[in-house]
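Visitor: give me the fold of what follows.
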Amino acid sequence: MLRSLGQRPVTGSDEDPRVAELRSAVARLRRELAALPSDFPDRGVAENELASLAAMASGGAPETPRLRGSLLLIAAAIGSVSALARGLRGVREAVDLFGEPPRT
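Guide: The predicted structure is shown next:
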């Protein structure tokens, strides 16, 4: 995982490494959710918010408050589905790379 906020990819790309990490974590959790055989009441909410996060990541530098709001909804929707805990943690860590939202 990219630990340094100032770290740049070595491939010559200008892409923000935080955005790349977010996109990767979201894709991983979406795959894990799709592979989950059981259904739960808020699965649709989790799927919609993951799609929202993916769209934010594809649009460049997302707004931290929106990222955190989506993360909160995903965590609430997934609840105690232990099979998704690792993937959810990855998304949370990727969102954390964007730092704390400014205090008003």
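
Visitor: low-scoring stretches of the chain, by residue?
Guide: The model of the chain has pLDDT under 70 over residues 1-13, 101-104.

Visitor: go through it and flag its longest helix.
Guide: Using DSSP state H, we find that the single longest helix of the chain is helix 17-35.

Visitor: can you give the contact residues for it?
Guide: Residues from elsewhere that reach helix 17-35 (C-beta atoms under 8 Å, 6 or more residues apart in numbering): 1-2, 5, 7-9, 43, 46-47, 50-51, 53-54, 56-58, 60-62, 67, 74, 78, 83-84, 86-88, 90-91, 93-95, 97-98. Backbone N, C-alpha and C define where each C-beta goes, glycine included.

Visitor: contacting residues for Ser58?
Guide: So, once contact is read as C-beta under 8 Å, 6+ apart, Ser58 ends up touching Arg23.

Visitor: what's the separation between it and Asp39?
Guide: 28 Å (C-beta to C-beta, to the nearest Å).
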